[in-house]
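> Fold the stuff below for me.
(one chain, ligands or ions: 1)
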Amino acid sequence: MLLILAIVQNQDAGGLLDSLIARDYRATRIQTVGGFLQEGNVTVLAVIEDGQLADALGIIQTNCHTRQRYVNAIPALSEASMLTTPCPIEVEVGGATVFVFDVVRLERI
Ligand code: 2BA
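Numbers count the residues shown, from 1 in each chain. The predicted structure follows:
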């Protein structure tokens with residue numbers, strides 16, 4: 001058994017959960033916040049059988065899309081300039097950051 005932990009964007013989470021459930025996977029979503037952008041994202045947990053990994057990753061890939069985001073960065077001060085005008089930098093977020101763990105045991109009590 002494997003635990004998939006996938007960090008996805010809010011916009012993709014609903015469709016991803018619907019697709020997983022439609023294929024009979026069990027999944028849980030947790031509202032999380034990314035450390036860099038400090039914006040909400042969603043962490044999806046799903047325990048699957050080893051042989052389902054490729055299928056589950058395919059569902060994640062189909063549902064989770066890459067997007068560009070702009071973050072305001074304040075340039076470092078130099079002796080020549082006291083400019084503190086924020087300068088937008090582009091970052092590419094997603095589709096999904098996926099971690100796969102071995103599961104020793106699953107108990108429903
Ligand atoms: P955030 O930490 O908010 O990062 C959002 C995006 O900002 C990242 O997209 C990446 O493109 C960029 N970024 C992050 N840290 C950066 C840095 N130090 N310098 C420049 N750009 C940086 P993704 O890589 O697709 O990550 C999306 C979200 O997945 C992250 O949101 C975080 O919540 C999670 N994540 C990504 N890698 C992780 C890791 N190794 N461990 C734990 N969580 C991770």
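> Contacts only, for the residue of the chain found nearest the ligand.
Nearest residue of the chain to the ligand, counting by CB to the nearest ligand atom: residue 34, 2.2 Å away. For the C-beta atoms, the positions are set from N, CA and C on the backbone; glycine is no exception. By CB atoms under 8 Å, 6 or more residues apart in numbering, the residues touching residue 34 are 7, 41.
> do that again at 10 Å, thanks
Residues near residue 34 by CB atoms under 10 Å, 6 or more residues apart in numbering: 7, 9, 40, 41, 93, 97.
> same thing with residue 104?
By CB under 10 Å, 6+ apart, the neighbours of residue 104 are residue 1.
> With residue 69 instead?
9, 36, 37, 39, 88, 89, 90, 91, 92, 93, 94.
> buried subset of those?
Among those, those classed as buried by neighbour count (16 or more other CB atoms under 10 Å) are 9, 93, 94.
> could you dump the residues you listed to TSV with secondary structure, distance to the ligand and pLDDT?
Below are these laid out as TSV (DSSP: H, G, I helix; E, B strand; the rest coil; distance: CB to the nearest ligand atom, whole Å; pLDDT from 0 to 100):
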residue	secondary structure	distance to the ligand	pLDDT
9	strand	8	98
93	strand	4	96
94	coil	5	91
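> which one among the contacts of residue 69 gets closest to residue 53?
residue 94 (19.7 Å; CB to CB).
> That closest one and residue 37 touch, don't they?
No. Counting by CB atoms under 10 Å, residue 94 sits too far from residue 37 to count as a contact (11.3 Å).
> Please list the residues of this protein that sit near the ligand.
7, 34, 35, 36, 37, 41, 91, 92, 93, 94, 97 (CB under 6 Å from any ligand atom).
> Now the two most distant members of the residues you listed.
35 and 92 (16.2 Å).
> other SSEs contacting whichever helix in the chain runs longest?
Longest helix in the chain, counting residues (DSSP state H): helix 10-22. Here helix 10-22 touches strand 2-9, strand 28-33, strand 40-48, helix 53-63, strand 96-102, going by 3 or more CB pairs under 10 Å, 6 or more residues apart in numbering; DSSP states H and E.
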